[in-house]
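*Asks:* Sequence plus the predicted model coming up.
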Amino acid sequence: MTRSRKKLPYVGACADSDKSSKTLAHHQERHAVKKALKREDDIPASKAFGDPWNGDKDGKIWLGFDAAHLRK
């Protein structure tokens, strides 16, 4: 097993937290609610802002076949 390699050069996402994406989503929500209240429209649903499945920590990152760190 000393010479074993990964078959595909993917690694997990490298972000430490989802804080930046959550902050952006909450900012967009507050801004939209403020505009809706000024226009006296319906307040948009909170689920319309930010996607919990598309955060910084989700998904995989393609390294390419030339990556040197493909060891298991």
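*Replies:* Here it is on my side, so go on.
*Asks:* now the protein, which segments are flagged as low pLDDT?
*Replies:* Applying pLDDT under 70 to the chain flags residues 1-8, 65-72.
*Asks:* ranges for the strands of it?
*Replies:* 10-12, 60-62 (DSSP state E).
*Asks:* Just name whatever secondary elements the last one is in contact with.
*Replies:* It stands for strand 60-62. Using 3 or more CB pairs under 8 Å, 6 or more residues apart in numbering; DSSP states H and E as the contact test, the elements touching strand 60-62 are strand 10-12. Just so you know, the C-beta spots here come from the backbone N, C-alpha and C atoms, and that holds for glycine as well.
*Asks:* Paired strands for the strand it packs on, with orientation please.
*Replies:* Taking DSSP bridges as the criterion, strand 10-12 sits next to strand 60-62 (antiparallel) in its sheet.
*Asks:* neighbours around the closest residue to residue 42 other than its chain neighbours, how many?
*Replies:* Spatial nearest neighbour of residue 42, excluding adjacent residues (CB to CB, 6 or more residues apart in numbering): residue 36 at 6.7 Å. Burial of residue 36 is recorded as 13 neighbouring residues (other CB atoms under 10 Å).
*Asks:* now swap in residue 59 and tell me
*Replies:* For residue 59, the neighbour count with other CB under 10 Å is 13.
*Asks:* residues near residue 17, how many?
*Replies:* Other residues near residue 17 number 10, with proximity taken as other CB under 10 Å.
*Asks:* how near is it to residue 56?
*Replies:* With distances taken as CB to CB, to the nearest Å, residue 17 is found 7 Å from residue 56.
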